[in-house]
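In: Need a 3D model of the following:
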Amino acid sequence: MKELLRTNDPTVIAFATALLRGEDIECFVLDVHMSVLEGTIGLFPKRMMVAREDHFQASAILRDNDVELGQS
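Out: Residues are numbered from 1 along each chain as shown. Sure thing, here's the model as predicted:
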């Protein structure tokens with residue numbers, strides 16, 4: 001697995017997930033339950049992971065749809 005996206009914005013995660021699944025690219029979001037530790041203030045970003053072999057295509061899909069890769 002390779003990190004594709006890191007963000008504090010849940011709408012970006014939902015949009016990116018929908019885009020990738022529409023192209024049959026499996027993704028997995030890490031750190032979803034960190035809000036228990038942080039008190040739901042959105043301090044810790046969530047990370048979206050994809051398989052190494054899908055990373056290039058997934059990056060292109062997100063860039064084509066104006067999703068910033070990295071931290072937001």
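In: Tell me which helix or strand the residue nearest to Phe15 when sequence neighbours are not counted sits in.
Out: Closest residue to Phe15 apart from its sequence neighbours, by CB to CB, 6 or more residues apart in numbering: Val67 at 6.6 Å. For the C-beta atoms, the positions are set from N, CA and C on the backbone; glycine is no exception. Mapping Val67 onto the secondary structure by DSSP states H and E places it in no helix or strand at all.
In: next one: Met49
Out: Once you assign secondary structure using DSSP H and E, Met49 falls within strand 46-50.
In: The helix or strand following that strand - contacts with which helices or strands?
Out: Read in the C-terminal direction, the helix or strand following strand 46-50 is helix 55-64, with elements assigned using DSSP H and E. With contacts defined as 3 or more CB pairs under 8 Å, 6 or more residues apart in numbering; DSSP states H and E, the packing partners of helix 55-64 are strand 2-7, helix 10-22.
In: quick one on the thing from earlier: run me through the strand neighbours of the strand holding Met49, direction for each.
Out: strand 2-7 (antiparallel), strand 27-30 (antiparallel) (DSSP bridges).
In: How about the contacts made by the closest residue to Thr17 other than its chain neighbours?
Out: Nearest in space to Thr17, with sequence neighbours left out and distances taken as CB to CB, 6+ apart, is Cys27 at 5.9 Å. Contacts here follow CB atoms under 8 Å, 6 or more residues apart in numbering; on that basis Cys27 touches Leu4, Ala16, Thr17, Leu20, Arg21, Met48, Met49, Val50, Ala58.
In: do the same with Arg63
Out: When the contact criterion is CB under 8 Å, 6+ apart, the partners of Arg63 are Leu69.
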